[in-house]
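> below is the sequence, then the predicted model.
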Amino acid sequence: MSDRATDIQQIINATLLYARGLDLFDPDEALSAYTDDAYWDATAVGLKRFEGAEEIRGFFQADADSMAEQFHIMTNHIVEFDGPDSAHGTNYVFSEGSTKNGATIKAIALNRDEYRRVGDTWKISGRAISPLTAPQMEGFEA
């Protein structure tokens, strides 16, 4: 594999690691996909913006505590490189689940990401989530 192909695969793996961590209710695994100074911004879908590892982990933990079941499908990755250790891109997410209180959620969204090489791997340094269809998140309290 070329160096760029390896970089792209590591970036895609970071997005998938995030999704698997959420779906297995493992906030530490989800957070491991992010840089320590990352942001996670879902204001466009009615949630909040979180800055830094501590705030992001808090949200991931609240999600794990409130959800009974959920899944995230990540697809349509496009990655563009800004330099040897930075990139940006997009991917689609389809997420569905139900909370422990019985509320259901469904979201189909576009992630606009920033990526940065940390050591010998790539991580997400910023994610802004915007809806592609109207999100159904009434009763989601994480």
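Cool, the structure landed.

> I'd guessed residue 80 sits against residue 90; true?
No. If you go by Cβ atoms under 8 Å, residue 80 and residue 90 don't touch, sitting 9.2 Å apart. Any C-beta I mention is one placed from the backbone N, CA and C, and that applies to glycine too.

> next one: phi and psi at the nearest residue to residue 61 once chain neighbours are set aside?
Using Cβ to Cβ, 6 or more residues apart in numbering and skipping the chain neighbours, the partner closest in space to residue 61 is residue 27 (4.6 Å). Backbone torsions for residue 27, taken as degrees, to the nearest 10, come to phi -60, psi -30.

> ok, now residue 47?
The phi and psi values for residue 47, taken as degrees, to the nearest 10, are phi -100, psi -150.

> could you report the neighbour count for it?
Look at residue 47: counted by other Cβ atoms under 10 Å, it has 18 neighbours.

> likewise residue 81?
15.

> which SS class is the most centrally placed residue in the chain?
Centroid-nearest residue in the chain, with Cα atoms, centre = their mean: residue 18, separated by 5.4 Å. The three-state label given to residue 18 by DSSP: H, G, I helix; E, B strand; the rest coil is helix.

> show me the contacts for it.
Counting by Cβ atoms under 8 Å, 6 or more residues apart in numbering, residue 18 touches 30, 33, 34, 72, 74, 124.

> sorry, back to before: with neighbour numbers in mind, choose between residue 80 and residue 90.
residue 90 (15 against 9).

> that one contacts residue 115, correct?
No. The pair residue 90 / residue 115 is not scored as a contact, 11.4 Å apart, by Cβ under 8 Å.
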